[in-house]
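Enquirer: here is my input, please return the structure:
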Amino acid sequence: MNALHPHSDALKDALAPLARAKSMPSVLYTDPAIFALEREALFLKHWFFLCRTEQLPNPGDYRTFDTPGGPIILVRGQDMALRCFANYCRHRGSLLLKGQGNTGARIMCPYHAWSYFSDGRLYGCPDMADAEGFDRRENGLVPVALEEWAGFLFANFAPQKPLLDHLGDLPQRMASHRLDQMRHVWSVTLEPNCNWKLILENAMETYHTGIVHRDTVGAQTQRDIPATGDWLCMQVLSRRSIGTMNADTPPLPTIEGLDDDAREGTYFTVIHPTLQFAVAQDCLWWLNVTPISANQSRLEIGGCFPESSLSLPGFAENRRLYEHRWEAVGREDVGILEDQQKALTSVLFRPGPLSGRDDKVQQVGAWGLRQMGVTWTT
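Expert: Numbering: from 1, shown residues only. Reported below is the predicted structural model:
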């Protein structure tokens, strides 16, 4: 029996119209069996974010990623093309690479010295001459689907549709920001002891900001932005960038040519299943969530600026105002979410009523449930 089936009544309440809806049952955040369902239906079938193209500028540059589908390698070939592979040797499954760096012309296994070209072809395989039927053409690295949009790289273990179909109208909504001209400058990785959905739900509501972030970014207001495709969008309203703390005057210029809607505030998005882009008038930052278990996640916060801003006088000092904001607010969120995860383990927990400011919270959960075959007609 599907692990969700015993909770059908609670799920019906969670998917009701917002005015009478309740929060999701706690098992969606605590049960390893439901996490296993999410792995099969969400993490292994939909596009997930890796990094930006400029983070691998040279031939042989590589980055490794631990994902719900296992370790993978992103590498720039000698032909300058970017490719993605499962991170294991075709001999006996040893891990090939760790961290990030440059492989040179070939990737070599540290266990038995099998080696591969950066395009995945097998190059060297010592002492295999006596293996009957061995064909080096059939023993190259196993590819992982990789697609790029505006310099952002996404991978997928079993694509159901192209990346652009997944993104829907997001490229049109963000067109005036010219995200292809953004450049990554900063990242920090946190290890929250909480379910991955809590991070994204929190990132899509301003109900908490005047409380959890009262001494940093303070209270905020939001408006709904309709979206088509596998993403959600709201806008936090402010005619100036909220990329720094409330008390700071953003030191970097507004992106030239922003459309009228973009000037009204910062777009907060969820690109299902595990990514947020926050797109302000002068910068972009992301929350990239890697689900590890039902109660553990990895969170990378990354920051980008328009390439034109990087050469401005004082940029090195000014960017720190943004980086301080991104990390400080991220750590505040992690603290409250770890406490929420603990509270959700109570045997007395019962889902509570949602507010009108929880619309995107409900939608984050509803999308995942649809992928697992749960729908409700009211």
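Enquirer: state the pLDDT value of residue 101.
Expert: With respect to pLDDT, residue 101 has a value of 98.
Enquirer: and residue 376, by the same measure?
Expert: Per the predicted model, pLDDT is 67 at residue 376.
Enquirer: how long is stretch 231-245 end to end?
Expert: Stretch 231-245 has an end-to-end distance of 27 Å (criterion: C-alpha to C-alpha, to the nearest Å).
Enquirer: for stretch 40-54, that is, sorry about that
Expert: For stretch 40-54, the first and last residues are 31 Å from each other (C-alpha to C-alpha).
Enquirer: buried stuff in it?
Expert: Of the residues in stretch 40-54, those scored as buried under the neighbour-count criterion (16 or more other C-beta atoms under 10 Å) are 41-53. Placement of C-beta: from N, CA and C, glycine included.
Enquirer: what's the farthest-apart pair in these?
Expert: Maximum pairwise distance in the buried residues of stretch 40-54, criterion C-beta to C-beta, is 29.2 Å, between 41 and 53.
Enquirer: what element comes up after the lengthiest helix in the chain heading to the C-terminus?
Expert: The longest helix of the chain (DSSP state H) is helix 315-343. On the C-terminal side of helix 315-343, the nearest following helix or strand under DSSP states H and E is helix 359-371.
Enquirer: contact partners of that following helix?
Expert: The set of residues external to helix 359-371 that reach it, using C-beta atoms under 8 Å, 6 or more residues apart in numbering, is 4, 11, 14-15, 18, 21, 23-24, 28, 38, 41-42, 45-46, 197, 200-201, 204-205, 224, 230, 232, 234, 270, 272-273, 354, 375.
Enquirer: could you pull out the buried residues of stretch 127-145?
Expert: Neighbour-count burial for stretch 127-145, with 16+ other C-beta under 10 Å as criterion, is recorded at 139, 140, 141, 144.
Enquirer: endpoint to endpoint, it covers what distance?
Expert: With C-alpha to C-alpha as the measure, the ends of stretch 127-145 fall 32 Å from one another.
Enquirer: what does it rub up against?
Expert: Outside stretch 127-145, the residues that reach it (C-beta under 8 Å, 6+ apart) are 72-73, 83-86, 88, 90, 107, 116, 120-122, 125, 155-157, 159.
Enquirer: which one of the buried residues of stretch 40-54 is nearest residue 184?
Expert: Of all the buried residues of stretch 40-54, residue 184 sits closest to residue 52, with 4.5 Å by C-beta to C-beta.
Enquirer: please name the residues that touch the closest one.
Expert: The contact partners of residue 52, taken as C-beta under 8 Å, 6+ apart, are 151, 152, 153, 182, 183, 184, 304.
Enquirer: all helices of this structure, in order?
Expert: Using DSSP H, the helices found in the chain span residues 8-14, 27-30, 32-38, 163-167, 170-173, 196-203, 209-212, 260-263, 315-343, 359-371.
Enquirer: for the longest one, packing partners?
Expert: Other helices and strands packing on helix 315-343, by 3 or more C-beta pairs under 8 Å, 6 or more residues apart in numbering; DSSP states H and E, are strand 182-190, helix 196-203, helix 209-212, strand 284-293, strand 296-306.
Enquirer: mind checking how far the fourth one is from the chain centre?
Expert: Computed by C-alpha atoms, centre = their mean, to the nearest Å, the separation of strand 284-293 from the middle of its chain amounts to 4 Å.
Enquirer: buried set for it?
Expert: Judged by neighbour count using 16+ other C-beta under 10 Å, the buried positions of strand 284-293 are 284, 285, 286, 287, 288, 289, 290, 291, 292.
Enquirer: any idea of the angle it forms with helix 196-203?
Expert: Computed with axes from the mean of the first three to the mean of the last three C-alpha atoms, to 10 degrees, the direction of strand 284-293 lies at 150 degrees from that of helix 196-203.
Enquirer: C-alpha coordinates for stretch 305-313, CSV please?
Expert: Included here for stretch 305-313 are C-alpha records, laid out as CSV according to Å, rounded to 0.1, in the frame of the first residue of the first chain:
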residue,chain,number,x,y,z
PHE,A,305,25.5,40.1,-10.1
PRO,A,306,25.3,41.6,-13.6
GLU,A,307,28.6,41.3,-15.3
SER,A,308,28.6,45.1,-15.8
SER,A,309,28.6,45.5,-12.0
LEU,A,310,31.7,43.5,-11.4
SER,A,311,34.0,46.2,-12.8
LEU,A,312,32.4,49.1,-10.9
PRO,A,313,34.6,51.0,-8.4
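Enquirer: show me how far that stretch is from its chain's centre.
Expert: Centre-to-centre, stretch 305-313 and its host chain are 25 Å apart (C-alpha atoms, centre = their mean).
Enquirer: who's in contact with that stretch?
Expert: Here stretch 305-313 has contacts from 178, 181-183, 185, 252-253, 255, 282-284, 315, 318-319, 322, using C-beta under 8 Å, 6+ apart.
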